[in-house]
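J.: What follows is a protein structure lacking sequence information:
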């Protein structure tokens, strides 16, 4: 699975990246995590509130940092769907 | 299970909040009476009384109102606001943008994606500016603090004058047709049409967003509130009126422009500035001058200008500062004249 964390460098964006890495490691999800910091690239996803989380090209979360358990739910649902 | 706990706990806490809030003065007085060595009426005791009454009062107001504002805001996403503003006529659009600026969640770190998201999807520049002026200026922390420390009249004056500035300044920027001073790449690049459907939020998640707003905002501002009120408590009872009035009083004609100018490089959140302003006013500064100072500190911040420089050329930023600063000064002069 391809996970992108969109954020220009605000504190919350860093938190989201950290939480994502934690959850992926904990749940043993096979994922490639990248951070997108270029604003032009971010706008291609048409999000207006950062941070946002993109899984396989689809925006699944924006403007807030979820709890570990909520994020795990989001990500594992994606895993099962594939 | 999670649903019930998230929703029921605040329901149970609200009555407790009300009881404590209504009896805060009594509680404060008892605490003061218990502390030994303070029985004689003296300056320190009154300062302490001021602090242990004002600080919990303001924090309690912040917690309660920010909790509900957090829930309310989960209904107003920037996407919905943008949809409401697309293709709106000037003026009506400016009024709507300023009003939506109050309720739509906004953080200055999101100013750029928000600006791009608005402008590139066809929201006119002037209307986007009305939003960008109102959103940081009329924020819940400023309004709650004004209400807590000055009463509802001042809070209302602040909201109404802030709205007027946002509406009129955005309208003027729209009329001046300043699109040429927006960086070229902004209009050249296009938004992706990636899926932007709204997340389905349950009541439980909305309540959780209320908690998170409280944790984040109160966690960030409580120290400023404490310091501000501490300064207020320290100054309580000291007579500085003549000194303050000599340079922030209403008879000093240059006080309003000077306060506005000083406010631009000063960057503080509302939490830090309102308690200070309350001291200034108590010590003889004029209301209009203080209002100008506060609005300038909150609405015209240098860090935000630097962020906006990525998408706006310098002349537009300077025009923006001049128009909003002008509006803030008019408000200052008006209130010095009226009161």
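T.: Nice, thanks for sending it over. Because the structure is a prediction, the values reported are computed rather than measured.
J.: Does the longest helix along chain A reach chain B?
T.: Longest helix in chain A by number of residues, with DSSP state H as the criterion: helix A:11-27. Yes. Using C-beta under 8 Å from any C-beta of the partner chain, we find that helix A:11-27 touches chain B at A:11, A:12. For the C-beta atoms, the positions are set from N, CA and C on the backbone; glycine is no exception.
J.: Run through who's touching that helix.
T.: With contacts defined as C-beta atoms under 8 Å, 6 or more residues apart in numbering or on different chains, helix A:11-27 is touched by A:3, A:5-7, A:29, A:31, A:33, A:35, A:50-51, A:53, A:64-66, A:68, A:71-72, A:75-76, B:109.
J.: after it comes which helix or strand?
T.: strand A:32-36 (DSSP states H and E).
J.: which helices and strands does the helix ranked longest in chain B pack with?
T.: As assigned by DSSP H, the longest helix anywhere in chain B is helix B:203-235. If contacts are counted by 3 or more C-beta pairs under 8 Å, 6 or more residues apart in numbering or on different chains; DSSP states H and E, helix B:203-235 sits against helix B:2-22, helix B:43-73, helix B:140-150, helix B:270-282.
J.: Who are the contact partners of residue B:321?
T.: By C-beta under 8 Å, 6+ apart, the residues touching residue B:321 are B:264, B:300, B:305.
J.: on that earlier part again, so for the longest helix of chain B, what gets flagged as buried?
T.: Buried residues in helix B:203-235, defined by neighbour count with 16 or more other C-beta atoms under 10 Å in any protein chain shown: B:205-214, B:216-218, B:221-222, B:224-226, B:228-230, B:232-233, B:235.
J.: still on that earlier bit, just put the helices and strands packed on helix B:203-235 in a markdown table and tack on mean neighbour count, mean pLDDT and distance to residue A:41.
T.: Listed next are the helices and strands packed on helix B:203-235 as a markdown table, based on neighbours: other C-beta atoms under 10 Å in any protein chain shown; pLDDT from 0 to 100; distance: least, C-beta to C-beta, whole Å:
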| stretch | mean neighbour count | mean pLDDT | distance to residue A:41 |
| --- | --- | --- | --- |
| helix B:2-22 | 12 | 81 | 36 |
| helix B:43-73 | 18 | 88 | 27 |
| helix B:140-150 | 22 | 87 | 32 |
| helix B:270-282 | 23 | 78 | 33 |
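J.: To residue A:43, which of the ones you listed lies closest?
T.: helix B:43-73 (22.6 Å; C-beta to C-beta).
J.: That closest one near chain A at all?
T.: No. Helix B:43-73 stays clear of chain A (C-beta under 8 Å from any C-beta), getting no nearer than 9.9 Å.
J.: which stretches of the stretch 51-200 of chain B form helices?
T.: For the stretch 51-200 of chain B, the helices defined by DSSP state H, counting those that start in this stretch cover B:78-85, B:92-103, B:111-120, B:125-137, B:140-150, B:152-175, B:184-188.
J.: Just checking the shortest one against chain A, any contact.
T.: By that I understand helix B:184-188. Yes. Using C-beta under 8 Å from any C-beta, helix B:184-188 reaches chain A at residue B:185.
J.: Run through who's touching that helix.
T.: With contacts defined as C-beta under 8 Å, 6+ apart, helix B:184-188 is touched by A:40, B:116, B:119, B:120, B:179, B:311.
J.: Is there a quick ChimeraX command that grabs whichever of those are buried?
T.: Restricted to buried positions by 16+ other C-beta under 10 Å, the ChimeraX selection for the contacts of helix B:184-188 reads:
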select /B:116,119,120,311
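J.: could the contacts of helix B:184-188 be laid out in JSON lines, adding distance to residue B:47 and pLDDT?
T.: Compiled in JSON lines, the contacts of helix B:184-188 are given as follows (distance: C-beta to C-beta, whole Å; pLDDT from 0 to 100):
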{"residue": "A:40", "distance to residue B:47": "54", "pLDDT": "83"}
{"residue": "B:116", "distance to residue B:47": "49", "pLDDT": "90"}
{"residue": "B:119", "distance to residue B:47": "51", "pLDDT": "90"}
{"residue": "B:120", "distance to residue B:47": "54", "pLDDT": "87"}
{"residue": "B:179", "distance to residue B:47": "54", "pLDDT": "90"}
{"residue": "B:311", "distance to residue B:47": "47", "pLDDT": "91"}
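J.: any chance of the contacts of helix B:184-188 in TSV, plus distance to residue B:248?
T.: Shown next, in TSV, are the contacts of helix B:184-188 (distance: C-beta to C-beta, whole Å):
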residue	distance to residue B:248
A:40	46
B:116	40
B:119	39
B:120	44
B:179	39
B:311	36
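J.: how near is residue B:172 to residue B:69?
T.: Residue B:172 is 30 Å from residue B:69, where distance means C-beta to C-beta, to the nearest Å.
J.: Give me the buried stretch members for the longest helix of chain A, please.
T.: With burial defined by 16+ other C-beta under 10 Å, the residues of helix A:11-27 counted as buried are A:12, A:13, A:16, A:17, A:19, A:20, A:23, A:24.
J.: Let me know the closest of the contacts of residue B:321 to chain A.
T.: Minimum distance to chain A across the contacts of residue B:321 is 16.3 Å, recorded for residue B:305 (C-beta to the nearest C-beta).
J.: OK, contacts around the residue nearest to the spatial centre of chain A?
T.: By C-alpha atoms, centre = their mean, chain A has its centre lying nearest to residue A:53, at 2.8 Å. Residue A:53 is in contact with A:3, A:4, A:5, A:6, A:16, A:20, A:59, A:60, A:61, A:62, A:71, A:74, counting by C-beta under 8 Å, 6+ apart.
J.: same thing with residue A:33?
T.: By C-beta under 8 Å, 6+ apart, the contact list for residue A:33 reads A:3, A:4, A:5, A:17, A:20, A:21, A:24.
J.: Near residue A:29, how many residues? Count them for me, please.
T.: Residues contacting residue A:29 under the criterion other C-beta atoms under 10 Å in any protein chain shown number 17.
J.: The helix or strand hosting residue B:307 - contacts with which helices or strands?
T.: In this assignment (DSSP H and E), residue B:307 forms part of helix B:302-308. When contacts are defined as 3+ C-beta pairs under 8 Å, 6+ apart, helix B:302-308 packs onto helix B:111-120, helix B:314-338.
J.: got a list of contacts for the first one?
T.: The one in question is helix B:111-120. Helix B:111-120 has contacts (C-beta under 8 Å, 6+ apart) with A:8, A:39, A:42-43, A:46-50, B:78, B:82, B:85, B:106, B:125, B:127-128, B:131-132, B:182, B:186-187, B:189-191, B:304, B:307-308, B:310-311.
J.: Show me just the buried residues among those residues.
T.: Buried among the contacts of helix B:111-120 by 16+ other C-beta under 10 Å: A:8, A:39, A:42-43, A:46-50, B:78, B:82, B:85, B:106, B:125, B:127-128, B:131-132, B:182, B:186, B:191, B:304, B:307-308, B:311.
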